[in-house]
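Engineer: missing the sequence, but the structure's below:
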């Protein structure tokens, strides 16, 4: 758990452990496999899955333009990181959409 929190804090020094814990619980089994624990910003299918499952379903944001904008900003923010941790990515998307408080 501390590894996830430390990674999130590289992008948001004020990240709260309880929010990161909720994201880890939401992702569950996906974090057990190295490949599925990472996000590829160059894979449109993966970004569509994140948009449908995380942004629309969990965060309740139906506006596709807003969702695409958040994904684009997070991909850009994490562009220097070759291994984009899924927990960190989801956290930053929620933060970008102003939905951290609803987790």
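Structural biologist: Structure's in. What do you need? Keep in mind the model is a prediction, meaning the values are calculated, not measured.

Engineer: where does the chain have its least confident helix or strand?
Structural biologist: Lowest on mean pLDDT, DSSP states H and E among the helices and strands of the chain sits helix 2-9, with a mean of 92.

Engineer: Mind giving me the packing neighbours of that one?
Structural biologist: Using 3 or more CB pairs under 8 Å, 6 or more residues apart in numbering; DSSP states H and E as the contact criterion, the neighbours of helix 2-9 among helices and strands are helix 17-27, helix 86-96. The way it works is simple: take the backbone N, C-alpha and C, and place the C-beta from them, glycine included.

Engineer: For those helices, please prepare CSV with the additional fields distance to residue 62, mean pLDDT and mean neighbour count.
Structural biologist: As requested, those are arranged in CSV below (distance: least, CB to CB, whole Å; pLDDT from 0 to 100; neighbours: other CB atoms under 10 Å):
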stretch, distance to residue 62, mean pLDDT, mean neighbour count
helix 17-27, 19, 96, 16
helix 86-96, 15, 98, 23
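
Engineer: Which one, of those helices, ends up nearest to residue 46?
Structural biologist: helix 86-96 (10.0 Å; CB to CB).

Engineer: contacting residues for the one residue sitting closest to the centre of the chain?
Structural biologist: Central residue check for the chain by CA atoms, centre = their mean: the C-alpha nearest the mean position is that of residue 90, 1.1 Å away. For residue 90, the set of contacting residues under the criterion of CB atoms under 8 Å, 6 or more residues apart in numbering consists of 23, 26, 27, 50, 54.
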